[in-house]
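Visitor: got a sequence here, can you model it:
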Amino acid sequence: MEPPKIDNSAICISNDPVLSAVISCYFNKADTYFALFRFPEVKAPHNDASQQGRDDFLSNLLGNEVSIQINNAAARLKPKIFIVAGLTDLQRTYLYWIPKGRQLELDSLKEVDSKLACFKSQFSGILLCRKEDVICALLEAKRTNKKLEIREDVAKFIPNYQRDNRQGGIVVTEYQGDMPSVVAVNYAFSVRSAVAFVKHIERSEIHAVQKNISNWKEHGSEEDRAKLQDKINDRIGQLDFSEASFATFFTEGLPYSLYLENRLPISYVSTSLRPDLFVVNNILYQDIEPFESALVFSPEEFEDEETTGLIEKLSTKGFLIKPLIYRDATVTNFANYTEYYPYDILHICSHGGEVDGYYVTERFTDRAGIDHTVEYEEVVGFAPVPGAELVKVDRKAIFRKLDGVAWLSPELEAKNLQSHVFEDMQRCVCSGSLGKNAARTRITEPIATSCHVKCFDSIHQGNFRALASHSSPIVFNNTCSSWYDISSFFLAGGCRGYIGTLWSIDNGIAKTAAEYFYERLVLSGSIGESFFGMLQSIRDTRDSDIYLYWGLPFSTIKQPTGKGKVNVLKELLRAFFRWAEKAASTKIDEVRNNCVNILQFIHFELMSTFGREDLVGLERQIRRDEKLRGMLSRRAEPAEAFKRGVLHLPSEIRPQDK
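Guide: The predicted structure is shown next:
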């Protein structure tokens, strides 16, 4: 399957799905994707110096992260015009980087015709629809080259997903009338697919989905199997997939492939983890020069595993391999190399899934003097600090209730709590001071929706700031129950493809599946085809249909050309100067200290891996190549934010127990 192009005449940044849909119909070149980015709501203007504990901290954390991600994508897209549609004055302060003279601001539907006239779109007619139907009508408008016009006195628009079904695949999107649905329609148009709109599943329901899967596959519960089947059939039971060449599901996290039994290639896009950036990165990285390197991680938990053969196979094909095996598979190494080392492929072979921890009930008083109680489950990991008798303690809080009401529930949303309540709650939880206002109870059972990767010395909980030196790699997490909770951190970190498991996998099957996947991948380069073939290779086993692929069907890994070592060296040098600039320019002590730690890691990697001849050879290339001379340009890093109701708490450094 050929990837679509991206229309670089304009991109749109908005948080208004209706306005975004009407704008999208102006960009309908065949086999071309119109890039639409969602900017979140913020309650404070951009402030580089905002620090934890300030009222504007959460807004700046979220706004800066999204602003940097869109800026990075735009730097690669090089659009002629930035359409800023329906954003508030506060939101616009985060888009300070848009070049003057290339920003086109739209505040309402009334302005669309006049302000988009510069694109000289030629329509063959008008498609009338009600405001509530505009997203459902968008695909029809783009296919028939018609302009969307909203009229409330027309009949309800009924989309026909079967139309043109035989020409390609089906994109199924859980519909809320929101921005991810507009992204899904624009994507479906670009790959000539049908669109089916199905009922949304709430994020709070995914916990039950995970328990249904576990109880069915690991405990044989037919009741849980039936509940899971009902959830899926309620959404796609009336759809016909028999003629489709592939299916892509935009979902909060419902594993539709279990009941389609992977009879066709199936992939997933998360509706809550930046689907706009996910689609763009998957298209962009088809043309970006790869690093030609792979990171292979295993603390050797199993007597017979795929890592040795995998390293040999990828090395033979020309990939530069960074093995983190046995004693090298520490928490510190996993964190540093996963985030700051450049690679195209990350393969993880270890134990995973849910872990135990603590249940914490903590009282706090907000700035208005009102008392609250927050309840959360806490997972704790430990990592020795290299060269010191100290240990780094990482805590993760998984929120369960606020004032007795379930987290992420409609009942909590209906309370309309002021934003400062959540800011004060975060300050309380992050303080780690479990004194007279808090109670902690040990939980010996695995905590639902907790996640980890077992390392040689402790566990890593997925608290990534970025991946692969701010690149978009492919991740194969061949651990148990790795499809959802921990996948969210990799997806939020920027990966363009992620393979995980739906339940606890048999080690022999995990090895067989991985060997088949990489055998196909090094031959074809197609991730989707290799994944589909891998599933067929374990069709008649106890773990049939266990794997799930967050990605898009056209994504590939390019064949190495022998430049892996120099490409990795170039990126490490660029990253070193980028972090040095950040350390010198920041006004925040915590950020500066983080930069220094990253610089120390990169310096160690440069000195331990590359010799004088590598540096001399790179210097010669820089002198000859103008593009290489500009490779040290500054690029900012995204911040960490709330993800799926999970908060990574500040790390603590404590003395080791004697």
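
Visitor: with adjacent residues omitted, what lies nearest to K131?
Guide: Leaving aside its sequence neighbours, K131 sits nearest to I150 (Cβ to Cβ, 6 or more residues apart in numbering; 5.1 Å). C-betas here are computed from N, CA, C, even on glycine.

Visitor: over to the one you found: give its phi and psi.
Guide: phi -90, psi 130 (degrees, to the nearest 10).

Visitor: now do the same for it: its pLDDT.
Guide: For I150, the pLDDT comes out at 95.

Visitor: assign a three-state SS to R539, would you?
Guide: Recorded secondary structure, R539: coil (DSSP: H, G, I helix; E, B strand; the rest coil).

Visitor: any idea which element the residue nearest the centre of the chain lies in?
Guide: The centroid of the chain falls nearest to L491 when counting by Cα atoms, centre = their mean (2.0 Å). L491 belongs to helix 485-493 when assigned by DSSP states H and E.

Visitor: run the angle between the helix or strand just after that helix and helix 485-493 for me.
Guide: Next helix or strand after helix 485-493 toward the C-terminus (DSSP H and E): strand 497-501. Interaxial angle of strand 497-501 relative to helix 485-493 (axes from the mean of the first three to the mean of the last three Cα atoms, to 10 degrees): 180 degrees.

Visitor: helices and strands around strand 497-501, which ones?
Guide: The contact analysis (3 or more Cβ pairs under 8 Å, 6 or more residues apart in numbering; DSSP states H and E) places strand 497-501 against strand 474-478, helix 485-493, strand 547-550.

Visitor: contacting residues around the helix holding L491?
Guide: Among residues not part of helix 485-493, those counted as contacts by Cβ atoms under 8 Å, 6 or more residues apart in numbering are 210, 270, 273-274, 278, 339, 352, 354, 449-453, 461-467, 475, 477, 498, 500, 550, 643-644.

Visitor: closest one to S242 among the helices and strands packed on strand 497-501?
Guide: Comparison of the helices and strands packed on strand 497-501 against S242 by Cβ to Cβ identifies strand 547-550 as nearest, at 20.9 Å.

Visitor: for that closest one, C-alpha coordinates in PDB please.
Guide: Extracted as PDB, the C-alpha positions of strand 547-550 are listed here (Å, rounded to 0.1, in the frame of the first residue of the first chain):
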ATOM      1  CA  TYR A 547      -0.900  -9.100  19.200                       C
ATOM      2  CA  LEU A 548      -2.200  -5.700  18.400                       C
ATOM      3  CA  TYR A 549      -0.600  -3.000  16.200                       C
ATOM      4  CA  TRP A 550      -1.000   0.700  16.900                       C
END
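
Visitor: ok, back up a step: out of the helices and strands packed on strand 497-501, which gets nearest to E445?
Guide: Closest to E445 of the helices and strands packed on strand 497-501 is helix 485-493 (Cβ to Cβ; 15.8 Å).

Visitor: where's A510 relative to D394, distance?
Guide: 26 Å (Cβ to Cβ, to the nearest Å).

Visitor: isn't the residue nearest to K131 up against I135?
Guide: No - I150 is beyond contact range of I135, at 11.7 Å (criterion: Cβ atoms under 8 Å).

Visitor: what do the two both touch?
Guide: V18.

Visitor: between the two, tell me which one has more neighbours.
Guide: Per other Cβ atoms under 10 Å, whichever of I150 and I135 has more neighbours is I135, with 30 against 17.

Visitor: wasn't the more buried one part of a strand?
Guide: No - I135: not assigned to a strand; according to three-state DSSP it is helix.

Visitor: hmm, it is touching P17, no?
Guide: Yes - here I135 reaches P17: they are 6.2 Å apart, a contact under Cβ under 8 Å.

Visitor: what touches both of the two?
Guide: Residues touching both I135 and P17 (Cβ under 8 Å, 6+ apart) are G177, S181, V182.

Visitor: which of these fall within helices?
Guide: Judged by DSSP state H, helices contain the following of those: S181, V182.

Visitor: out of the shared contacts of I135 and P17, flag the one nearest to M534.
Guide: S181 (30.4 Å).

Visitor: which strand or helix spans the closest residue to S504 other than its chain neighbours?
Guide: Closest residue to S504 apart from its sequence neighbours, by Cβ to Cβ, 6+ apart: C480 at 4.1 Å. Per DSSP H and E, C480 falls between elements, in no helix or strand.

Visitor: next, find the distance separating C480 from I602.
Guide: Using Cβ to Cβ, C480 is found at 33 Å from I602.

Visitor: do the same with K565
Guide: Applying Cβ to Cβ to K565 and I602 gives a distance of 16 Å.

Visitor: L62 too?
Guide: 28 Å.

Visitor: more neighbours: those two, which one.
Guide: More neighbours surround I602 than the other of L62 and I602, with 23 against 19 (other Cβ under 10 Å).

Visitor: show me where the stretch 251-400 of the chain has helices.
Guide: With DSSP state H, counting those that start in this stretch as the criterion, the stretch 251-400 of the chain has helices at 257-260, 275-284, 307-316, 331-340.

Visitor: pLDDT value on the residue nearest to the centre of the chain, please?
Guide: L491 is assigned a pLDDT of 95 by the prediction.

Visitor: from E354, how far off is it?
Guide: L491 is 19 Å from E354, by Cβ to Cβ.

Visitor: before we move on, what about G177?
Guide: 34 Å.

Visitor: the two: which is more packed in?
Guide: Taking other Cβ under 10 Å, G177 and E354 do not tie; E354 has more neighbours (20 against 17).

Visitor: could you dump the shared contacts of I135 and P17 into JSON lines with pLDDT added?
Guide: Converted to JSON lines, these look like this (pLDDT from 0 to 100):
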{"residue": "G177", "pLDDT": "93"}
{"residue": "S181", "pLDDT": "97"}
{"residue": "V182", "pLDDT": "98"}
